[in-house]
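Participant: I'll drop the sequence and a predicted model, then ask my questions.
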Amino acid sequence: MKLRLSFACTLCVASLTSTFPAWAQDAASGETVNCALILDGVQRLACYDALHDPGAAREQADEANLKQAEQRAETLAADKATRQEIVGNALEGDPGSGVMAALVNNYLDAEQSLFSFAGSFVAHKPNYILPLTWVKNPNYEPSSPRLGLTSYDYDLAREEAKYQISFKVPLLTGIFDKKTTVWFGYTQKSLWQVYNQDESAPFRETNYEPELFVRYQLNWNIGPGTLSAVSAGFNHQSNGQADPRSRSWNRIMGSAAYSYNRWLFMVQPWLRLPEDSNDDDNADIERYLGHASYHAVYKLSEDRTFSLKVLNNLRSNNRTSVEFGYSFPMGDSLKGFFQYYNGYGESLIDYNVRIERFGIGVMLNDWL
C-alpha cells in the first residue's frame, strides 16, 4: 500500500476538493488517495504539494525514494545485527537449516540496492592483507616451456607480504528481469618482498585479472539445498611482465553456487582459449591447474568463516592444490585472517612449481 501511495504523490492531480481532507488521484489505477492517511511525513507532504505544484511534488517523491533506497542498502549491507540474526552461531547450538540460502539472498539484495541508487563498486572476491607470509620452498628459478629458465635479479626472501584487491561494477541490469546482471570484475593479487630491504623491497609478482560476465540469480530448491546463482563470461589473467617472466592466459569461465545449511559450494569450470605456440607463455598450465576450481565456504558465525579452494588436474600424473582460509573476530570492527596454500598456481609465475605458504593478516571483506 505504501508503494502505491508513494507513486500517487508523484502524479498530477486530476481531481481536487476545496475542503479537508484533500485527495489526489493515482493515474495508473484511477483511484483517489486521501493524503491525510499517508503515515510517512515526507510522502504526505508531497501528496499535499501535488495539489498545488505537481513538479515540486515529483522532485520530493524522487528524493524520498532515493532516501528509502539508501536506507535499504545500509540495512542490508551494513547492519551487522541483521546478518548476525540470519547466521546465528553454530558454536552456541543455533540451527543451520537455510542459513546460507538466506545469507546469499541478503547479499544479492544488498548488491542490487547499492548499485541501483549509486552505481557503486561492489566487493567481488575476498579482499585481504597478509602483512606476513612464509614460504617453505620459494621458486628461485621460474620456468616455462617456451621461455625456459630464468632467475630473479635479487636474493629471494622466504618472508613476504601478500594481498588481494577485488571488486566488480554492474554494467547492465535487468536485461531480461531483475535477476540478470552483466558485470565487469577486477582482481589483483600481489606478492611483495617487503622485508627484503637490502634489495629495496621489490614486488616479486602481481597478477591482474579483469573479467566480464553475466550472472543469473536462480533460487532453485534442488535436493536438500538451493541452487542460488549461475554465471558465465570471459576472464583474462596475466602478470604484466616481459619475457622471460611473462605469464598469461584467456578463459571462458562459468560458475554455479549451491547453498546448504551453513555451507556454500561453488564450482568454476573454464575452457582455455588457444594461443599461437610462438606467443604462449605457459602452454602446459592446464596440466597443473586443470579445468576447474572447487570452493566450499562454511559460515560458523557472522564473524567466523572457513573457506577451502581445491584445484586438480584430473590426470594420471595427479596434481592437487589446496587453499584454506579462516577469518575470525579481531576487535569490534576488524577480522583477522589466516591462510594456508599448498600446491600450484598460487601465482602465475609459480604455476608449475608446488608452493607451500602460511600467512596471517586482516580480512577486509569475506565471501559473504
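Facilitator: Okay, I see it.
Participant: Now the nearest residue to residue 344 once chain neighbours are set aside: which helix or strand?
Facilitator: Nearest residue to residue 344, sequence neighbours excluded (C-beta to C-beta, 6 or more residues apart in numbering): residue 288, at 4.2 Å. Every residue, glycine included, has its C-beta placed from N, CA and C. Assigning secondary structure by DSSP states H and E places residue 288 in helix 286-289.
Participant: where does residue 232 land on pLDDT?
Facilitator: pLDDT for residue 232: 98.
Participant: ugh, typo on my part, it should be residue 123
Facilitator: Predicted confidence (pLDDT) for residue 123: 90.
Participant: quick one: low-confidence ranges for the stretch 101-250 of the chain?
Facilitator: Applying pLDDT under 70 to the stretch 101-250 of the chain flags the ranges 114-119.
Participant: circling back to that earlier point, buried sites along the helix holding residue 288?
Facilitator: 286, 288-289 (16 or more other C-beta atoms under 10 Å).
Participant: now do stretch 123-134
Facilitator: Neighbour-count burial for stretch 123-134, counted by 16+ other C-beta under 10 Å, picks out 123-128, 130, 133.
Participant: Among those residues, find me the one that's closest to residue 90.
Facilitator: residue 126 (20.4 Å; C-beta to C-beta).
Participant: related to what we said a few turns ago, and the buried residues of stretch 123-134, which is closest to residue 83?
Facilitator: Nearest member of these to residue 83, counting by C-beta to C-beta, is residue 123, at 14.2 Å.
Participant: Spatially nearest residue to that closest one (excluding sequence neighbours)?
Facilitator: Distances taken as C-beta to C-beta, 6+ apart place residue 365 nearest to residue 123, at 4.6 Å, with adjacent residues excluded.
Participant: The one you found: what's it in contact with?
Facilitator: Residue 365 makes contact with 123, 126-127, according to C-beta atoms under 8 Å, 6 or more residues apart in numbering.
Participant: Closest one to residue 80 out of the residues you listed, please.
Facilitator: Closest to residue 80, out of all of the contacts of residue 365 and judged by C-beta to C-beta, is residue 123, at 15.5 Å.
Participant: That closest one bridge partners, please.
Facilitator: residue 167 (DSSP bridges).
Participant: the domain parsing of this structure - what is it?
Facilitator: 2-71, 104-365 (automatic domain parsing).
Participant: what sits against the residue nearest in space to the middle of the chain?
Facilitator: Using C-alpha atoms, centre = their mean, the residue of the chain that lies closest to the mean C-alpha position is residue 124, 2.4 Å off. Going by C-beta under 8 Å, 6+ apart, residue 124 touches 166-168, 185-187.
Participant: 7 Å - rerun?
Facilitator: Under the criterion of C-beta atoms under 7 Å, 6 or more residues apart in numbering, the neighbours of residue 124 are 166-168, 185, 187.
Participant: So the residue nearest to residue 123 versus residue 222, what's the distance?
Facilitator: Here residue 365 is placed at a distance of 28 Å from residue 222 (C-beta to C-beta, to the nearest Å).
Participant: what do you get for residue 301?
Facilitator: Note on residue 301: its distance to residue 222, by C-beta to C-beta, is 26 Å.
Participant: didn't residue 368 look like it was pressed against residue 106?
Facilitator: No. If you go by C-beta atoms under 7 Å, residue 368 and residue 106 don't touch, sitting 8.4 Å apart.
Participant: which ones are touching residue 225?
Facilitator: Residue 225 touches 258-260, counting by C-beta under 7 Å, 6+ apart.
Participant: Kindly confirm my reading that residue 86 forms part of a strand.
Facilitator: No. Counting by DSSP: H, G, I helix; E, B strand; the rest coil, residue 86 falls outside a strand, being helix.
Participant: Leaving out chain neighbours, which residue sits closest to it?
Facilitator: Nearest residue to residue 86 in three dimensions, chain neighbours excluded: residue 102, at 5.1 Å (C-beta to C-beta, 6+ apart).
Participant: go on, residue 132?
Facilitator: Nearest to residue 132 is residue 360, by C-beta to C-beta, 6+ apart, at 5.9 Å.
Participant: Alright, I will stop here.
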